[in-house]
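**Q** Take a look and give me a structure for this.
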Amino acid sequence: MSGATDLDGCIERILENLDGVARTRIADEHRRWFAAAMLRNLYHLGLACAREPARRREASTRLAPVWRHFADEGMFELQWFAGRQASSALREAEGWPGPCRGRSALAFFIELADAALEFESLMVDLAALDEDLRELADREGYLRDEEIDAGVPPTHWWWWAPRGRGGAT
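**A** Now for the predicted structure:
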């Protein structure tokens, strides 16, 4: 699969997930699952943009409906997603890479949305998540380089926790 197809496919899936969110009542649990699927696809989009940085602006522009949705509706789905990333159920199902992918999805969301949204409420939840990840990393971190998805930026420290990138402590 070419990088362009991968990037375009990610954007299409994100917009489909957004449609599911928009069609579902706020109180419906399925709305959160559409949002979680959207963020999983956004994680893959972030990795695709790392491979094709020249298309990052295009990706952000094509996701304008996503930014509008969260500007209009608020950040509660993102806050819910952030709140469950350190859960034991996710770690049991996916191991340490599960919370790392989730945290990276949120980081990519913020990077791609750029200045289109106000993230103050989400940043409080991310600070709590980061604290949880630091504590859990002592027991569950220690991924080998080959276990880290290709294209993860070095700024996503949680992948290398607790050692730091390159095995540094």
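
**Q** Other residues contacting the one helix or strand in the chain whose mean pLDDT sits lowest?
**A** Using mean pLDDT, DSSP states H and E, helix 88-94 stands out as the lowest-scoring helix or strand of the chain, at a mean of 77. Outside helix 88-94, the residues that touch it by CB atoms under 8 Å, 6 or more residues apart in numbering are Arg84, Gly98, Pro99, Arg101, Gly102, Leu136, Glu140. Heads up, the C-betas are built off the backbone N, CA and C, glycines and all.

**Q** Ile148 and Trp158 touch, don't they?
**A** No - applying CB atoms under 8 Å as the test, Ile148 and Trp158 come out as separate, 10.3 Å apart.

**Q** Tell me which of the two has more neighbours.
**A** A direct count of neighbours by other CB atoms under 10 Å for Ile148 and Trp158 places Trp158 higher, at 24 against 15.

**Q** any idea of the pLDDT on that one?
**A** With respect to pLDDT, Trp158 scores 95.

**Q** so what's it up against?
**A** Pro99, Cys100, Arg103, Ser104, Asp130, Leu133, Ala137, Gly141.

**Q** which regions of the protein sit below the pLDDT cut-off?
**A** Applying pLDDT under 70 to the chain flags residues 1-5, 165-169.

**Q** Could you tell me how many residues sit around Cys108?
**A** Actually, residue 108 is Phe. It isn't Cys. Quick note: Phe108 (other CB under 10 Å) scores 23 neighbours.

**Q** For it, identify the helix or strand it belongs to.
**A** helix 97-113 (DSSP states H and E).

**Q** buried ones in that helix?
**A** 98-109, 112-113 (16 or more other CB atoms under 10 Å).

**Q** And the next helix or strand past it?
**A** In N-to-C order, the element after helix 97-113 by DSSP H and E is helix 120-140.

**Q** Could you tell me which residues within that next one count as buried?
**A** Leu122, Asp125, Leu126, Leu129, Asp130, Asp132, Leu133, Leu136, Ala137, Glu140.

**Q** And the residue nearest the centre of this protein?
**A** In the chain, the centroid-proximal residue (CA atoms, centre = their mean) is Ala105; its distance is 0.9 Å.

**Q** so who does that one touch?
**A** Taking CB under 8 Å, 6+ apart, one finds Leu39, Arg40, Leu42, Tyr43, Gly46, Phe81 in contact with Ala105.

**Q** following the lengthiest helix in the chain, which helix or strand comes up?
**A** Ranked by residue count and defined by DSSP state H, the top helix of the chain is helix 29-51. Later in the chain than helix 29-51, the nearest helix or strand by DSSP H and E is helix 56-62.
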